[in-house]
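Novice: Build me a structure from this.
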Amino acid sequence: MNFQRTVVKNCSLCLCFSVSICCWTISIDCPPFRQMLRRAVARLNTAVDDVIRRTLGAPPPLAPAMALAAPSASDASSAPHAAAALGSWTVADMAEQMRTLWGVPKYRTSHPKKQTRKFAYTRLLTPIEDVTTCEQCGEKHEVHTICGSCYEKVRLLTNMIKERMLAYNPYKGERPPKEVEVRFSDEQIRAEQERVEEEKKGEIKDGVRVVELEQPRPSWFRRVERQP
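Specialist: Below is the predicted model of the structure:
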């Protein structure tokens, strides 16, 4: 069986090669005949492949296939490049004839598809993985942000201090002309005792505006000692 396959394939190759060489030699100076020869060679290739496939079955995956080089219709119009067709290619000819194919999109992405990719149901609920616990209050927050509960406490106290500071000014929004000191309810008694002691020593310090709040000093609100 292998011998029959080899004989049939070799005979077909020799026959097709001989026919193509003869036709090529005859049709060198006949451009119309070149087109007919090209079609004939293509049909011959197809016919030989069909005969081999029907006779010997489907070829293996790595089996060689027969292909004959048919004359091109553009050979007659490439007279200036006849030397290049004979094999005497130069660097200039290669650079001129070389073409590069770049990958480009075949179809334009539609607007509905873009909207689907951007607002798909898989993007609506995204799990948050970088969550940590606040060391002060125990609330949850993201790693790259501050605790929302602690920030709310600071914001409320800051707004309260601002309201007391602006209450002394006749015009709202005016910058206070004096230095401001914040005192909480648990510091008023101690401040009164210090004032009495300073009066006894004769060291009364003026030029400081005191803002009193009716609540104890939070642990995170540190007291800044004024320089004498």
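Novice: Please make it C-alpha for all contacts and neighbour counts, starting now.
Specialist: OK.
Novice: any weak-confidence spans in this structure?
Specialist: Residues of the chain meeting the criterion pLDDT under 70: 1-34, 56-87, 168-178, 188-208, 225-228.
Novice: Break it into its domains for me.
Specialist: 1-59, 141-212 (automatic domain parsing).
Novice: can you give me the end-to-end distance of the longest one?
Specialist: Spelled out, that is domain 141-212. With C-alpha to C-alpha, to the nearest Å as the measure, domain 141-212 spans 33 Å from end to end.
Novice: Same question for stretch 92-111.
Specialist: For stretch 92-111, the first-to-last residue distance is 46 Å (C-alpha to C-alpha).
Novice: can you check stretch 126-142 too?
Specialist: Stretch 126-142 has an end-to-end distance of 14 Å (C-alpha to C-alpha).
Novice: Now do the helices for this structure: every range, in order, please.
Specialist: Remark: helices assigned in the chain by DSSP state H are 2-26, 31-56, 82-85, 91-97, 111-118, 148-167, 188-201.
Novice: helices or strands next to the longest one in the packing?
Specialist: To tie it back to what came earlier, the one meant is helix 31-56. Counting contacts by 3 or more C-alpha pairs under 8 Å, 6 or more residues apart in numbering; DSSP states H and E, helix 31-56 packs against helix 2-26.
Novice: Contacts only, for residue 216.
Specialist: 184-187 (C-alpha atoms under 8 Å, 6 or more residues apart in numbering).
Novice: Over to it: give its phi and psi.
Specialist: The phi/psi pair for residue 216 (degrees, to the nearest 10) reads phi -70, psi 160.
Novice: how much space is there between it and residue 183?
Specialist: For residue 216 relative to residue 183 (C-alpha to C-alpha), the value is 9 Å.
Novice: now residue 133
Specialist: Relative to residue 183, residue 133 is positioned 31 Å away (C-alpha to C-alpha).
Novice: Correct me if wrong: residue 183 contacts residue 213.
Specialist: Yes - contact criterion C-alpha atoms under 8 Å: residue 183 and residue 213 qualify, at 6.3 Å.
Novice: Let me know how buried residue 165 is, in neighbour terms.
Specialist: 22 (other C-alpha atoms under 10 Å).
Novice: For it, which non-adjacent residue is spatially closest?
Specialist: Nearest non-adjacent residue to residue 165, counting by C-alpha to C-alpha, 6 or more residues apart in numbering: residue 211, 6.7 Å away.
Novice: Could you report the neighbour count for the one you found?
Specialist: Using other C-alpha under 10 Å, residue 211 has 17 other residues around it.
Novice: Also residue 159?
Specialist: Residue 159 has 11 nearby residues by other C-alpha under 10 Å.
Novice: rewinding a little: can I get the contacts of residue 216 in JSON lines with distance to residue 89?
Specialist: Listed next are those as JSON lines, based on distance: C-alpha to C-alpha, whole Å:
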{"residue": "184", "distance to residue 89": "95"}
{"residue": "185", "distance to residue 89": "98"}
{"residue": "186", "distance to residue 89": "98"}
{"residue": "187", "distance to residue 89": "98"}
